[in-house]
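>>> below are the sequence and a predicted model; questions follow.
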Amino acid sequence: MSAPDGTPVGAERSIGQLVATATTEMSALVHDEIALAKAQLKQDVKRGAVSGGALSAAGVVLLFSLPMLSFALAYGIQAWTGGHNGEGGWNLGWCFLLSFAANVLVAALLALIGVVFAKKAKKGKGPQKVAASVKETAGVLGNAKPHPRPVTPANRVGDTVEAVARSSS
């Protein structure tokens, strides 16, 4: 069995290898959180689009269907109340008023659907969830402290500490 970087499990790894592994994993975590933010934002945009579409449909239905629906419904009401057999039925003015009320009811229903989807889109917390997750990750990493290695005779080179020359280039 081996670790993600290919080294055998349980084998001592150098600090450089540990840092490289940690950097790779942090990079993957950041990429995953960005992908999550994009997915959640996409869902919120989709809800907003449905809301806008439903509200637009409500306006279009109310505007363009009123003349046709009003005439058809008004004459239908008059015929239903007895106007078709020569008894006169209801006054045509009342029939048109009832027809208008039915059209307003349909438009109100479509507007209600649009408002419900608008509220869902407004409540969407996609990017806020990811931001909280990033802050939590940063908080955990900020509190992480290196653990000092115990000095054992095997790790000790000598009793005196020698100065290390560093190159200036």
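Happy to help now that I have it.

>>> nearest residue to the middle of this structure?
residue 40 (2.5 Å; Cα atoms, centre = their mean).

>>> report the separation between that residue and residue 34.
Separation of residue 40 from residue 34 (Cβ to Cβ, to the nearest Å): 11 Å. Where you see a C-beta, it was placed from the backbone N, CA and C, and this is true even at glycine.

>>> and for the closest residue to residue 58 other than its chain neighbours, the neighbour number?
Leaving aside its sequence neighbours, residue 58 sits nearest to residue 110 (Cβ to Cβ, 6 or more residues apart in numbering; 3.5 Å). Residue 110: 18 surrounding residues under other Cβ atoms under 10 Å.

>>> hang on, residue 110 in a helix?
Yes: under DSSP: H, G, I helix; E, B strand; the rest coil, residue 110 falls within a helix.

>>> wait, what's in contact with it?
Residue 110 makes contacts with 54, 55, 57, 58, 61, as judged by Cβ atoms under 8 Å, 6 or more residues apart in numbering.

>>> which ChimeraX command selects the buried ones in these?
Only the buried members of the contacts of residue 110 end up in this ChimeraX selection, burial being decided by 16 or more other Cβ atoms under 10 Å:
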select :54,55,58,61
